[in-house]
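1. Sequence first, predicted model second:
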Amino acid sequence: MIRAGRRKYTQTSDELAAAMGISIGTFRNKQPYTAEDFPPLISSEDARVKLWDSEQTAAHLAGRPVPALPDEDDDQDLLDRNEAAAELGITPKTWDSYKTHPQIAPHLIKVKGVEHCPRGIVQAFRAAKSASADTGPKGGRPKGSGDMVPRDEISARVGALLDEDPAVTLATVQERLGLSYAAAARALPRLRGERIADLLQAESELTPEAAATRLGYPTAVQRTALASAATELRARQVQRYLERVADVLVGAGLAEQQDAVVQRVEGDVLAAAVLLSGSYAPALVWDERYGWRTAVSRRHPIGKETGTPPEGDGIRYLSEEQQPDPAELLAALTDGRRGTRQPRTIHPAGTALHG
């Protein structure tokens, strides 16, 4: 975590490598920070973006005693995704749903491209979470009205109901939260699927069916929950590939360190965006149907789902493979002669289909 008042000392891998007088490639290959006497990370153990306290690393590199950081918790401590999840006793994936809640979202802070939340905000949310599940509308959703819960709150509110009762029904979700059937039918199976995926990753010997049963999901809803879990596991595998791509782009100076989050854009179709800081394009978008393409917007790089691949000025499809090697993708991005204006359709498993 970033201790209260220490934000200005946050240091990334790139900055630490520069302070050591070595390239980022050498830094990643030799990993000098693994030495026993090197100052510890201030990012969580499993965080993708590594962070240090620059006062500590500067002292170490100068051969001076490394100053200790504060060891008492403070409401202004900044927790990363994994730490915030641990504070609430949930998985990082569940935190991704909770963080959109209006009690949390306005307080999120990006430090060196990594999202953090103040400890006090997380603790206040934890204290209110049980009550929040009971504050939704009780009379159902009036005919013809829109959903009574803002879209960015739906996952957190439905997740709270699922915490209360794993067998909660769509009808109960609709009644308690004032959601339409379509919104409830999207959110509830997806959240059940995420929790099945969490359990399968924690206990590899479990079958998906056994995981669903252990979580208390009724047989009648297991089919949709298991399908959602399969999509979630596929997304988590893709996440690792996207992180490799992002690292290569950062190393080439074309992107800042960031978390490329996999999204479901239509049913179980997966997509993600990597924001660029170079002159080649505002962003890159990966879509499992079409592979990699350039995007014309940093704010909404993926865009609205239309059922057809995006085309037009500034859009270039960079590979015929769904998951090309990151170095090959970089070469295609930086060579304007490569790529096409229209994609080949790619099978989700990675086999290109000629259309």
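-> Nice, I can see it. Numbers count the residues shown, from 1 in each chain.
2. Output the below-cut-off pLDDT ranges for the stretch 101-250 of the chain.
-> 129-148 (pLDDT under 70).
3. where exactly do the helices run in it?
-> 119-132, 154-164, 170-177, 181-202, 208-214, 219-251 (DSSP state H, counting those that start in this stretch).
4. Pull the contacting residues for the nearest residue to Ala235 once chain neighbours are set aside.
-> Excluding the flanking residues, the one nearest Ala235 by CB to CB, 6 or more residues apart in numbering is Val262, at 4.2 Å. (Glycine included, C-beta is placed from N, CA and C.) By CB atoms under 8 Å, 6 or more residues apart in numbering, the contact set of Val262 is 235-236, 238-239, 242, 270-272.
5. Specify which member of these is nearest to Asp287.
-> Ala271 (4.4 Å; CB to CB).
6. so what are the domain limits for this structure?
-> Domains of the chain are assigned by automatic domain parsing as 1-132, 133-217, 236-353.
7. Nearest to Ala229 among those domains would be which one?
-> Smallest distance to Ala229 across the domains of the chain (CB to CB): 3.8 Å, for domain 133-217.
8. Quick one: end-to-end length of stretch 248-257, please.
-> Terminal residues of stretch 248-257 are spaced 10 Å apart (CA to CA, to the nearest Å).
9. So for it, what gets flagged as buried?
-> 248-251, 254-257 (16 or more other CB atoms under 10 Å).
10. what distance separates it from the centre of its chain?
-> Relative to the centre of its chain, stretch 248-257 is centred 18 Å away, using CA atoms, centre = their mean, to the nearest Å.
11. Quick one: residues in contact with that stretch.
-> With CB under 8 Å, 6+ apart, stretch 248-257 has contacts from 12-14, 24-25, 28, 49, 112-114, 246, 274-278, 280, 284, 326-327, 329-330, 333-334.
12. Just the buried ones from those, in ChimeraX syntax?
-> Command for ChimeraX that selects the buried part of those, burial taken from 16+ other CB under 10 Å:
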select :12,13,14,24,49,112,114,246,274,275,276,284,326,329,330,333
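13. Which of the contacts of stretch 248-257 fall in helices?
-> In helices, judged by DSSP state H, the following of those are found: 13-14, 24-25, 28, 246, 326-327, 329-330, 333-334.
14. Spatially central residue for the protein, please.
-> Closest residue to the average C-alpha location of the chain: Val261 at 3.9 Å, with CA atoms, centre = their mean.
15. Kindly provide the distance from that one to Arg81.
-> To Arg81, Val261 is 10 Å away according to CB to CB, to the nearest Å.
16. hey, what's in contact with both of these two?
-> Common neighbours of Val261 and Arg81 (CB under 8 Å, 6+ apart) are Asp96.
17. thinking again about what came up before, so who does the residue lying closest to the residue nearest to the centre of the chain once chain neighbours are set aside touch?
-> Excluding the flanking residues, the one nearest Val261 by CB to CB, 6+ apart is Ala272, at 6.3 Å. The contact partners of Ala272, by CB under 8 Å, 6+ apart, come to 238, 242, 260-263, 285-286, 302.
18. And the furthest pair within those?
-> Of all pairs in these, the most separated under CB to CB is Val238 and Ile302 at 14.2 Å.
19. Parallel or antiparallel, which strands does the strand ranked longest in the chain pair with?
-> Using DSSP state E, we find that the single longest strand of the chain is strand 269-275. Strand 269-275 has these partner strands in its sheet, going by DSSP bridges: strand 263-266 (antiparallel), strand 283-287 (antiparallel).
20. Deepest-packed of those, please.
-> Across these, the average number of neighbours (mean count of other CB atoms under 10 Å) peaks for strand 283-287, which reaches a mean of 23.
21. Going by neighbour count, list what's buried in the helix or strand just after it.
-> For strand 283-287, the succeeding helix or strand toward the C-terminus, using DSSP states H and E, is strand 291-295. By neighbour count on 16+ other CB under 10 Å, the buried set for strand 291-295 is 291-295.
22. which among those residues gets closest to Gly159?
-> Distances from Gly159 to the buried residues of strand 291-295, taken by CB to CB, are shortest for Ala295, at 30.2 Å.
23. Was I right to think that closest one contacts Arg316?
-> No. Ala295 is beyond contact range of Arg316, at 9.9 Å (criterion: CB atoms under 8 Å).
24. Spit out the residues that contact the two alike.
-> With CB under 8 Å, 6+ apart as the test, Ala295 and Arg316 both reach Ala281.
25. returning to what we had before: so can I have TSV of the domains of the chain showing distance to Ala229?
-> Formatted as TSV, those follow (distance: least, CB to CB, whole Å):
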stretch	distance to Ala229
domain 1-132	12
domain 133-217	4
domain 236-353	11
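26. To Arg223, which of those domains lies closest?
-> That would be domain 133-217 among the domains of the chain, by CB to CB, at 9.2 Å.
27. Please tell me how far the closest one is from the chain's geometric centre.
-> Using CA atoms, centre = their mean, the offset of domain 133-217 from its chain centre is 19 Å.
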